[in-house]
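Student: Provided below are the primary sequence and the corresponding predicted coordinates.
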Amino acid sequence: MSQLPVRIARWSARHAGRAITGWFAFVVLCLGAGLAVGSHEATSEDFRVGEAGRAEAMAAEGGLQRRPTEQIMIYARSGTPDTAEADAVARELTERMRKLPEVDRVGAPVRSEDGEVLRVPVVLKGAEQQGKKNVAPLLEQTAKVGDRHPGLVVEETGSPSISKGVNDQRAKDLTLSERLTLPVTLLTLLIVFGSVVMAGVPLLLALSSIAAALGLSMVASHVLPDPGVGTNMILLVGLAVGVDYALFYLKREREERARAGGRLSSEALVELAAATAGRAIVVSGLAVIVSTATLYLATDVIFSSLATGTILVVAVAVVSSLTVLPALLVKIGHRAERRAARKAARRASRGEPVRAQRAEAGPGRVSGALLRPAQRHPALTLCVSVLVMLALAAPALGLRLVDPGRDTFSRDIPAMQVYDRLTAAFPELLVEHEVVARSTPDRAAEVRQALADLGRRAQADPLFARDAEPTVRTSADGRISVLKLAVPFPAPSDEAVASLDRIRQVHLPASVGRVSGVESAVSGDVARGRDYVDHERSKLPLVIGFLLLVTFLMTLWAFRSVVIGLAGVVLNLLSAGASLGLLVVFFQGTWAEGLLAFDSLGAIASRVPLFLFVILFGLSMDYQVFVVSRIQEAMRNGMSARAAVLDGIGRSAKVVTSAAIVMVTVFGAFVALHLTEMKQMGFCLAVAVLLDAVVIRLLVLPSLLLLLGERAWWPSRPARRGRTAVPAAGPRETVG
């Protein structure tokens, strides 16, 4: 595999026009194929886990599954509404809604306990997940009725309109993140390269890789359904790794160009870069892909989508760095050579000496200052750095997880503002538990009686709404019965969670549980969230275990060193632990709400820790591979273990720092988004990358390798050879 990047680069360099045309044709083909087949969105069945999922499957079997439902409220702008007028508006709404093809049925109007609010329930056709696509006509009719009655407030909310609002907000947030990250990324690259053309190349490759991956993800969704989060991940990771891979390759090509002093052709230079940076990109990309693939072990549609999006965009970014990037560099190199030749001719005509371009030999001032403690006092630096990282990780011991449901969405969404007013007037709509029972048709009456008994028990329980009469529905074949119980507390509250435990552990066993031959289960918003968190907790040890194993094996395969492999695992754990600890400090409490513009959940979104570990382990391998590859290369060129560590880390410090700035910018932009879960993911990844690039790569890693010396490469050691000489005279040469 070590020669594959060189062979690809050689072909691309010698057929630059074809390589560039082929790449953009590939991007157009991928995007076109994706648009042609479209996305296959996840259905309700794809989200089912645990007892709640089992209850929903039984309800669906009897045609009693949860349906997308909207609630339309009617109330006076001030004071008490005119009852006759409110009833007339309810009738008008009912007539309008029944005419819509998206509507299945309209329920009877319900008046609030104080008599000031009237609500009209509207059930949509189709599956629960499809409601957000079909709700727009309902919102339009509600607005028209409201305009016809200016003295009343007529407004609508419900799961479909809230989901639509979340999707609209997510789209605006992604646009905002692009506006923030693209200029900062371009500015960072301009500082690194000092050239608009060179700065534009990584950005162009990252954006084209994202476009190709988006098309491929649409095709892949027909195998693994898309729950709507894959695009976010492709944009988030694609810009970060796409720019990083191109940055590493470009910096190495410029280094080789400066070292050659004009004695090698552009084709030869990209081959030299491919032999080092190209191989590192392949290893790094494979490490990210293999690490991310462990998310499939979670057997969760959301994690599977995140894994698919990440794997696709990383694979495409690697391909772009190995194929079209060498071709672009040759084109740019030829142009630079012609410009340099003209400048040299002008200087010669004026009798001025020709100045040779010098390669950067070491780290910058900041990187050098951070590297100095490890160089002078490695043992002390290692101990202090590790203790600091462990101290940052300590708050993670108090981690609490929650499934971020409807009650946690931003109140900037209009439907959520209406939802708050709805639940204030009708608290019984805050939470609804669904008890599902399955039996043989001949026992339907007995099951209904047992469910009715459960409903009476709930009515006597202070955790349940007493003014909401429990209703039992039975399927046409008599096999499935469903009881709905209302709870007047928000889903994330302790009371709502306690009510679920009371049903499952007390009321259900004492009623339906006494009827032999009946299978029962409880679902609802609280049950879904609770069972989802439990499901993730059960999968966490398996995923983390495989993640540690594949990280070690990938590092062992790349460097043939058990010590380096173990060190990589430990250092990644330090980065992940420290960033998770800081996440708990900032987001689990309330003190940073104003600083980061969020409403604390009192816990961390359940998907964030697992996602963090997997993605961070993959991304950290970028830095690990590039830094350790430079050290290994220096040892092969005859340096001692100590000199190789200082030289390798010194030479890679600037490019790693630049890459980290890009990643921190991309991830940090997500802190400005509205969705708390996305804020937490962006914050955690940005902090983790920053800690990894600065503390781990400039303090912990060099200290550790300096202390270990040659033992770091056990059981094998890099074979030393003489440094490859650059031709001192003659025409420019081509490698190969």
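Tutor: That came through, no problem. What you see is a predicted model, and the numbers here were worked out from it, not measured in a lab.
Student: and residue 485, that's in a helix?
Tutor: No - counting by DSSP: H, G, I helix; E, B strand; the rest coil, residue 485 is not part of a helix but strand.
Student: how many neighbours does it have?
Tutor: Residues within reach of residue 485, counting by other CB atoms under 10 Å, total 28. Bear in mind the C-beta positions are built from the backbone N, C-alpha and C, glycine included.
Student: begin at 45 from here
Tutor: New numbering, starting at 45: the last item is residue 529.
Student: residue 515 is in contact with that one, correct?
Tutor: No - in this structure, residue 529 is not within contact of residue 515 by CB atoms under 8 Å, at 9.5 Å.
Student: can you give me the strands in the stretch 145-294 of the chain?
Tutor: 147-150, 154-155, 161-168, 196-202 (DSSP state E, counting those that start in this stretch).
Student: could you export those strands as a markdown table, including mean neighbour count and distance to residue 452?
Tutor: Conversion of the strands of the stretch 145-294 of the chain to a markdown table gives the following (neighbours: other CB atoms under 10 Å; distance: least, CB to CB, whole Å):
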| stretch | mean neighbour count | distance to residue 452 |
| --- | --- | --- |
| strand 147-150 | 17 | 29 |
| strand 154-155 | 16 | 26 |
| strand 161-168 | 22 | 23 |
| strand 196-202 | 23 | 16 |
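Student: what's the closest of those to residue 72?
Tutor: Among these, the nearest to residue 72 by CB to CB is strand 161-168 (37.7 Å).
Student: tell me what that closest one is packed against?
Tutor: In terms of contacts (3 or more CB pairs under 8 Å, 6 or more residues apart in numbering; DSSP states H and E), strand 161-168 is packed against strand 113-120, helix 127-143, strand 147-150, strand 154-155, helix 458-469.
Student: between the ones you listed, which one is nearest to residue 191?
Tutor: Closest approach to residue 191 among the helices and strands packed on strand 161-168 (CB to CB): helix 127-143, 11.7 Å.
Student: and that closest one, what does it pack against?
Tutor: Where contact means 3+ CB pairs under 8 Å, 6+ apart, helix 127-143 is packed against strand 113-120, strand 147-150, strand 161-168, helix 180-192, strand 196-202.
Student: what residue is smack in the middle of the chain?
Tutor: Central residue of the chain (CA atoms, centre = their mean): residue 277, 4.5 Å from the mean position.
Student: find the nearest non-adjacent residue to it, please.
Tutor: Spatial nearest neighbour of residue 277, chain neighbours left out: residue 353 (4.0 Å); criterion: CB to CB, 6 or more residues apart in numbering.
Student: do you know the pLDDT at the one you found?
Tutor: Looking at residue 353, its pLDDT stands at 92.
Student: that one contacts residue 281, doesn't it?
Tutor: Yes - with contact defined as CB under 8 Å, residue 353 reaches residue 281; the gap is 7.4 Å.
Student: OK, contacts around residue 353?
Tutor: Residues near residue 353 by CB atoms under 8 Å, 6 or more residues apart in numbering: 257, 261, 273-278, 281.
Student: next step: those residues restricted to helices.
Tutor: Residues of those located in helices (DSSP state H): 257, 261, 274-278, 281.
Student: dump those into a markdown table; add pLDDT as well.
Tutor: Putting these into a markdown table (pLDDT from 0 to 100) gives the following:
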| residue | pLDDT |
| --- | --- |
| 257 | 95 |
| 261 | 94 |
| 274 | 78 |
| 275 | 81 |
| 276 | 76 |
| 277 | 79 |
| 278 | 87 |
| 281 | 85 |
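Student: name the member of those with the most neighbours.
Tutor: Counting neighbours by other CB under 10 Å, residue 257 leads the ones in helices among the contacts of residue 353 with 33 neighbours.
Student: nearest residue to it other than its sequence neighbours?
Tutor: Nearest residue to residue 257 in three dimensions, chain neighbours excluded: residue 357, at 3.8 Å (CB to CB, 6+ apart).
Student: tally of neighbours for that neighbour?
Tutor: Residues near residue 357, counting by other CB under 10 Å, number 30.
Student: that one sits in which helix or strand?
Tutor: helix 345-366 (DSSP states H and E).
Student: next one: the residue nearest to residue 500 when sequence neighbours are not counted from residue 505, what distance?
Tutor: Take residue 500 and drop its neighbours on the chain: the residue closest to it by CB to CB, 6+ apart is residue 514, 7.9 Å away. Taking CB to CB, to the nearest Å as the measure, residue 514 falls 12 Å from residue 505.
Student: the two: who's more crowded?
Tutor: residue 514 (20 against 17).
Student: between the helix or strand where residue 596 lies and helix 345-366, how many degrees?
Tutor: Using DSSP H and E, residue 596 falls within helix 569-603. Using axes from the mean of the first three to the mean of the last three CA atoms, to 10 degrees, the direction of helix 569-603 lies 30 degrees away from that of helix 345-366.
Student: so which elements touch helix 569-603?
Tutor: Secondary-structure packing of helix 569-603 (3+ CB pairs under 8 Å, 6+ apart): helix 94-105, helix 323-337, strand 445-446, strand 475-482, helix 538-546, helix 606-627, helix 651-680.
Student: okay if I get those as TSV plus mean pLDDT and mean neighbour count?
Tutor: Putting those into TSV (pLDDT from 0 to 100; neighbours: other CB atoms under 10 Å) gives the following:
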stretch	mean pLDDT	mean neighbour count
helix 94-105	94	21
helix 323-337	89	24
strand 445-446	86	20
strand 475-482	94	25
helix 538-546	93	18
helix 606-627	92	22
helix 651-680	85	25
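Student: output those in TSV; the columns should cover distance to residue 452.
Tutor: Shown next, in TSV, are the helices and strands packed on helix 569-603 (distance: least, CB to CB, whole Å):
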stretch	distance to residue 452
helix 94-105	18
helix 323-337	26
strand 445-446	8
strand 475-482	14
helix 538-546	13
helix 606-627	16
helix 651-680	13
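Student: where does this structure have low pLDDT?
Tutor: For the chain, the stretches with pLDDT under 70 are 45-46, 384-385, 388, 391, 395-408, 410, 511-512, 761-780.
Student: what does residue 634 show for phi and psi?
Tutor: phi -110, psi -10 (degrees, to the nearest 10).
Student: show me the contacts for it.
Tutor: Contacts of residue 634 by CB under 8 Å, 6+ apart are residue 644.
Student: for stretch 109-122, C-alpha coordinates in PDB please.
Tutor: Coordinates of each C-alpha in stretch 109-122 appear next as PDB, following Å, rounded to 0.1, in the frame of the first residue of the first chain:
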ATOM      1  CA  GLN A 109     -50.200   3.300  16.200                       C
ATOM      2  CA  ARG A 110     -49.600   7.000  17.200                       C
ATOM      3  CA  ARG A 111     -50.700   9.300  14.400                       C
ATOM      4  CA  PRO A 112     -49.400  12.800  13.600                       C
ATOM      5  CA  THR A 113     -51.700  15.200  15.400                       C
ATOM      6  CA  GLU A 114     -52.000  19.000  15.500                       C
ATOM      7  CA  GLN A 115     -53.800  21.100  18.100                       C
ATOM      8  CA  ILE A 116     -55.400  24.400  17.000                       C
ATOM      9  CA  MET A 117     -56.100  26.900  19.800                       C
ATOM     10  CA  ILE A 118     -58.700  29.600  19.900                       C
ATOM     11  CA  TYR A 119     -58.700  32.300  22.500                       C
ATOM     12  CA  ALA A 120     -59.300  36.100  23.000                       C
ATOM     13  CA  ARG A 121     -56.500  38.500  22.500                       C
ATOM     14  CA  SER A 122     -57.500  40.000  25.900                       C
END
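Student: buried set for it?
Tutor: For stretch 109-122, the neighbour count (16 or more other CB atoms under 10 Å) marks 109-110, 112-119 as buried.
Student: wait, which of these is closest to residue 459?
Tutor: Proximity of the buried residues of stretch 109-122 to residue 459 (CB to CB) peaks at residue 114, which lies at 9.5 Å.
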